[in-house]
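1. Quick one, fold the following:
(one chain, ligands or ions: 1)
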Amino acid sequence: MTTLESSNKSRPATGDRPPFDVVRIRADFPALDQTVHGKPLAYLDNAASAQKPQAALDAEAECYRRFYSNVHRGVHYLSEKATDAYEEARRKVQRFVNAAREEEMVFVRGTTEGINLVASTYGKQHVGAGDEVLITTMEHHSNIVPWQLLCEEKGARLVVAPINERGEVIVEEYEKLLSERTRIVAVTHVSNALGTINPVAEMIGMAHARGVPVLIDGAQAVPHLEVDVQELGCDFYAFSSHKLFGPTGVGALYGRLDLFADMPPYQGGGEMIRSVTFEKTEFSPPPARFEAGTPDIAGAIGMGAAIDYLQALDMNAVAAHEHDLLDYATRALEAVPEVRIIGTAANKASVISFVIGDVHAHDVGTILDREGVAVRAGHHCAQPVMDRFGVPATTRASFALYNTREEVDRLVAGVERVKELFG
Ligand code: PLP
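-> Numbering: from 1, shown residues only. As a prediction, this is how the structure comes out:
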């Protein structure tokens, strides 16, 4: 059940990185140190949103406290400082996914906005009547609905690559669905509902062999995997700060500069223009063209600080720790009669979705909450995945670098408690 290695290159471990120490890491996240319903919090809802290290909180607060001002337009000291910090955050995001140039990184509100941006600009430009957009069954609604809207508007067709019983894309079927009418592929790197890590490099290669560009939804990948957009060869890559231990309300979209340069604006407003008259507006080059209006300045700076935090760790050790938790939880839950794990891909990130007999996931989530264990219950914004597995909802535990085996034990004890109550 592993695998950084197969999907991504590993970040070289440097001698100056401290050894992985979960106790020390937990101390960096103030929200973890609290009780819920009289029990210590076990926060296992990281795929929905992750907790924040003090360093990211401090960076955001410091911006507001010391050098807050609007960016790009000012000539005064604070505006220049804020602009420098905002643009430095862009470079951090660029280095994080190894984009070749900072102009290839656009700050957006999050993954959802990044995908909508591409659908509304590149999509509107290139998808016409009778054309096809190819996605997979395991997409989050954010990577379905924008394409559906585009297809409805244009008279195009949304084509869906199937997944198997383990929750893996059937790659041969995906390849067959790439047709001469396919104008773009949009696929998730890691499934939020199943944990599956998709073989995106292979899927990108297949699409490119037919001249089709690929957008990767990286929301669930960036907290766990090394992402190198140049190595993957993707055309667009979208992700959110809040799942990456940074603030909410900000995220980043990578786009190949030659594609960005040809794309029309997403929204109109300040900052995205070169000149405006009532007759004609000339647009700025990327990334400003896609950042109309005042951006989330402190949020972007906080996102940069969260990335710094993560990059100071040995990601191979983080991945090993998370895979240990996933394996440990999988073995323990598999041993509980009536528990069915949904999503058993060979290549998984630290997400475990399950059902307990016919107990509704909301009941499971509520009982676990009384035990201080925070999980998500529902369709996880992936209703087609629920339909594929014939369940209305699942309970989902998702682990981050700060979780422990002891928290997994408490999850499993909570599951036993559900069985007692509903047995
Ligand atoms: N894609 C995936 C795979 C996700 O898990 C999520 C959020 O759960 C999103 C997209 C949407 O992210 P956001 O709500 O941050 O825009």
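
2. ok, the closest residue in space to Asp409 that isn't next to it in sequence - contacts?
-> Spatial nearest neighbour of Asp409, chain neighbours left out: Ala332 (7.6 Å); criterion: C-beta to C-beta, 6 or more residues apart in numbering. (Each C-beta comes from the backbone N, C-alpha and C, glycine too.) Contacts for Ala332 (C-beta atoms under 8 Å, 6 or more residues apart in numbering) come out as 408-409, 412.

3. ok, 10 Å please
-> Shown in contact with Ala332 (C-beta atoms under 10 Å, 6 or more residues apart in numbering): 339, 352, 405, 408-409, 411-413, 415.

4. what's the helix or strand for it?
-> If you go by DSSP states H and E, Ala332 is part of helix 315-334.

5. could you give the mean pLDDT of that helix?
-> The pLDDT scores in helix 315-334 average 95.

6. Pull out the buried residues from that helix.
-> 315-319, 321-323, 325-326, 328-330, 332-333 (16 or more other C-beta atoms under 10 Å).

7. how about the residues of the stretch 51-200 of the chain near the ligand?
-> 110-112, 140, 142-143, 188, 192 (C-beta under 6 Å from any ligand atom).

8. Pick out the most distant pair among those.
-> Greatest spacing in these, by C-beta to C-beta: Gly110 and Thr188 (14.4 Å).

9. who's more crowded, those two?
-> Taking neighbours as other C-beta atoms under 10 Å, Gly110 and Thr188 compare with Thr188 leading, 29 against 21.

10. Tell me which helix or strand comes right after the helix or strand of the chain with the lowest mean pLDDT.
-> For the chain, counting by mean pLDDT, DSSP states H and E, helix 4-7 ranks last in confidence among helices and strands (a mean of 38). For helix 4-7, the succeeding helix or strand toward the C-terminus, using DSSP H and E, is helix 22-27.

11. starting at the chain centroid, how far to that next one?
-> Taking C-alpha atoms, centre = their mean, to the nearest Å, one finds helix 22-27 lying 23 Å from the centre of the chain it belongs to.

12. Next SSE downstream of it?
-> Sequence-wise, the next helix or strand downstream of helix 22-27 (DSSP H and E) is strand 35-36.

13. strands paired with that following strand, and their directions?
-> Strand pairing for strand 35-36, using DSSP bridges, gives strand 39-40 (antiparallel).

14. Check which helices and strands the helix or strand just after the partner strand is in contact with.
-> Towards the C-terminus, the helix or strand next in line after strand 39-40, according to DSSP H and E, is strand 42-43. Contact partners of strand 42-43 among helices and strands, from 3 or more C-beta pairs under 10 Å, 6 or more residues apart in numbering; DSSP states H and E: strand 373-374, helix 405-422.

15. C-terminal to strand 42-43, what's the next element?
-> According to DSSP H and E, the helix or strand after strand 42-43 is helix 54-66.

16. which residues in the stretch 51-200 of the chain form helices?
-> Assigned by DSSP state H, counting those that start in this stretch, the helices in the stretch 51-200 of the chain fall at 54-66, 77-96, 111-118, 124-126, 145-154, 171-177, 200-209.

17. Tabulate the ones you listed (CSV), appending mean pLDDT and mean neighbour count.
-> Output for the helices of the stretch 51-200 of the chain, formatted as CSV (pLDDT from 0 to 100; neighbours: other C-beta atoms under 10 Å):
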stretch, mean pLDDT, mean neighbour count
helix 54-66, 98, 17
helix 77-96, 97, 18
helix 111-118, 98, 25
helix 124-126, 98, 15
helix 145-154, 98, 18
helix 171-177, 98, 15
helix 200-209, 98, 18
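
18. Now render the ones you listed as TSV, adding distance to Val375.
-> Compiled in TSV, the helices of the stretch 51-200 of the chain are given as follows (distance: least, C-beta to C-beta, whole Å):
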stretch	distance to Val375
helix 54-66	24
helix 77-96	28
helix 111-118	21
helix 124-126	39
helix 145-154	25
helix 171-177	31
helix 200-209	27
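
19. so which of those gets nearest Ser275?
-> Ser275 lies closest to helix 77-96 among the helices of the stretch 51-200 of the chain, at 20.5 Å (C-beta to C-beta).

20. just how off-centre is the closest one within its chain?
-> Centre-to-centre, helix 77-96 and its host chain are 22 Å apart (C-alpha atoms, centre = their mean).

21. Give me the angle between that helix and helix 54-66.
-> Counting by axes from the mean of the first three to the mean of the last three C-alpha atoms, to 10 degrees, helix 77-96 lies at 160 degrees to helix 54-66.

22. which helices and strands does helix 77-96 pack with?
-> Looks like helix 77-96 contacts helix 54-66, strand 105-108, strand 251-255, helix 297-311 (3+ C-beta pairs under 10 Å, 6+ apart).

23. who does Leu253 bridge with?
-> Going by DSSP bridges, Leu253 is paired in beta bridges with Val106, Ala238.

24. Which among the helices and strands packed on strand 42-43 is found nearest to the ligand?
-> Distance to the ligand, taken as C-beta to the nearest ligand atom, is lowest for strand 373-374 among the helices and strands packed on strand 42-43, at 15.3 Å.

25. Sheet partners, orientation included, of the closest one?
-> The strands that strand 373-374 pairs with in its sheet are strand 42-43 (parallel) (by DSSP bridges).

26. Contacts made by the partner strand with the rest, please.
-> 29, 31-32, 34, 36, 49-51, 368, 371-375, 397-400, 402-404, 406-411, 414.

27. again, 8 Å this time
-> With contact meaning C-beta under 8 Å, 6+ apart, strand 42-43 is reached by 31-32, 51, 372-374, 400, 402-403, 407, 410-411.

28. Would you point out which residue is most central in this structure?
-> Centroid-nearest residue in the chain, with C-alpha atoms, centre = their mean: Ala219, separated by 0.8 Å.

29. Excluding covalently adjacent residues, which one is nearest to it?
-> Using C-beta to C-beta, 6+ apart, the nearest residue to Ala219 is Thr111, at 4.1 Å.

30. Please name the residues that touch the one you found.
-> Contacts for Thr111 (C-beta under 8 Å, 6+ apart) come out as 140, 142, 217-219, 238-240, 251.
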